[in-house]
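Novice: Okay, predicted coordinates and the sequence, questions at the end:
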Amino acid sequence: MSNGKLRETNEMEIIFDAVSENEGFARVAVAAFMTGLNPTLEEVSDVKTAVSEAVTNAIIHGYGFGIKENEEIGKVRLHCSIEKNVIRISVEDKGVGIEDVHKAMEPLFTTKPELERSGMGFAFMEAFMDTVQVYSVVGEGTRVVLEKMLGKDCE
Amino acid sequence: MEERKILEGTFAILDRHLMVKMPRELDHHNAGRIRERADYFLLMDNVDHIVFDFEDTLFMDSSGIGVIMGRYKKVCCFGGKVYAIHTNERIKKIIKMSGLQNIVEIIS
């Protein structure tokens, strides 16, 4: 920027098909986006794991893939923003929604034991991020917002 | 007799242990393939235990936990054991966070 000051905000958005091949793409995209914050390897791993959990949830729970075939492929919207040293990631689907968010977030709770889901998705998001917020309306979709402050360890 | 028998790429049977080489990225997308093939080999009558080898694994999420838990359920009823080898700090942490350290023996 012309005034020589570093920009303190940055933003990106990706919309992709809700297919499992894109899980790796989504977390790598976020990892690449956050490099400007000079994260530690551990911080990158934390964010990648949390994004992977949220995106997998959108694909297999939101849109129910892995069970039904020949259904129209839904889209997952991944929005990331950086403000100072905080990264905020929103993962949104227009799928079935969650009836009881509180219950869904309980460790080991899963509605898809047949897919061998461990029920640890939200627990991992909570463990690896500072905050996890879930907004969901049945029949309309779910939005998971993850936030993490970086650089806490080196201060 | 040669005990070692390499089956296919990422799987091998060694002294009644099924050795499973885990992929670089163990997410939901890759978990299905590992699960199916591991279950196929677990049906063989010369396999009692399962060893997950994380040497090449750079990423794992809760899908990996699902794979381990599911295979444990299959071998434990016949007295089989589950081991994890070449686990880095990150994978150890994820296994412990999930409470799996009681069913998986981590050998480093």
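Specialist: Great, that's in hand. Numbers count the residues shown, from 1 in each chain, chains lettered A, B, ... in the order given.
Novice: Please name every helix or strand in contact with the helix or strand harbouring residue B:51.
Specialist: Secondary structure from DSSP states H and E places residue B:51 in strand B:49-53. In this structure, strand B:49-53 packs against strand B:17-21, helix B:62-76, strand B:82-85, with contacts taken as 3 or more CB pairs under 8 Å, 6 or more residues apart in numbering or on different chains; DSSP states H and E. C-betas here are computed from N, CA, C, even on glycine.
Novice: same thing but 6 Å
Specialist: Packing partners of strand B:49-53 (3 or more CB pairs under 6 Å, 6 or more residues apart in numbering or on different chains; DSSP states H and E): strand B:17-21, strand B:82-85.
Novice: ranking these by burial, who's on top?
Specialist: When neighbours are counted by mean count of other CB atoms under 10 Å in any protein chain shown, the highest per-stretch mean among the helices and strands packed on strand B:49-53 falls to strand B:17-21, a mean of 20.
Novice: Rounded mean pLDDT for it, please.
Specialist: For strand B:17-21, mean pLDDT is 94.
Novice: Tell me which strands the strand holding residue B:51 pairs with, and in which orientation.
Specialist: Neighbouring strands of strand B:49-53 in its sheet, by DSSP bridges, are strand B:17-21 (parallel), strand B:82-85 (parallel).
Novice: what inclination does the first one have with respect to helix B:62-76?
Specialist: Put plainly, it is strand B:17-21. 170 degrees (axes from the mean of the first three to the mean of the last three CA atoms, to 10 degrees).
Novice: which residues are in contact with strand B:17-21?
Specialist: Here strand B:17-21 makes contact (CB atoms under 6 Å, 6 or more residues apart in numbering or on different chains) with B:10-12, B:38, B:41, B:47, B:49-53.
Novice: let's go with 10 Å and repeat that
Specialist: Residues outside strand B:17-21 that contact it (CB atoms under 10 Å, 6 or more residues apart in numbering or on different chains): B:4, B:6-7, B:9-13, B:34, B:37-38, B:41-42, B:44, B:46-57, B:67-68, B:71, B:75, B:80-81, B:83, B:85-86.
Novice: how distant is it from the center of its chain?
Specialist: Distance, stretch centre to chain centre, for strand B:17-21: 6 Å (CA atoms, centre = their mean, to the nearest Å).
Novice: Could you point out the helix or strand that follows that strand?
Specialist: Counting by DSSP H and E, the element that comes right after strand B:17-21 along the chain is strand B:25-26.
Novice: With chain A in mind, check whether that next one reaches it.
Specialist: Yes. Applying CB under 10 Å from any CB of the partner chain, one finds strand B:25-26 in contact with chain A at B:25-26.
Novice: Can you pull out the residues in contact with that strand?
Specialist: Identification of contacts with strand B:25-26 by CB under 10 Å, 6+ apart yields A:23-24, A:27-28, A:48, A:52, B:34, B:52, B:54, B:56-61, B:63-65, B:67-68, B:91, B:94.
Novice: Partner strands of it and their direction?
Specialist: strand B:59-60 (parallel).
Novice: Narrow the contacts of strand B:17-21 to those that are buried.
Specialist: B:10-13, B:34, B:37-38, B:41-42, B:47, B:49-54, B:57, B:67-68, B:71, B:75, B:80, B:83, B:86 (16 or more other CB atoms under 10 Å in any protein chain shown).
Novice: Make sure residue A:151 is actually in contact with residue A:42.
Specialist: No. With contact defined as CB atoms under 10 Å, residue A:151 does not reach residue A:42; the gap is 11.7 Å.
Novice: lowest-confidence helix or strand of chain B?
Specialist: Among the helices and strands of chain B, strand B:5-8 carries the lowest confidence by mean pLDDT, DSSP states H and E, at a mean of 48.
Novice: Following element in sequence after it, please.
Specialist: On the C-terminal side of strand B:5-8, the closest following helix or strand by DSSP H and E is strand B:11-14.
Novice: what separates that following strand from the chain centre, distance-wise?
Specialist: With CA atoms, centre = their mean, you get 11 Å for strand B:11-14.
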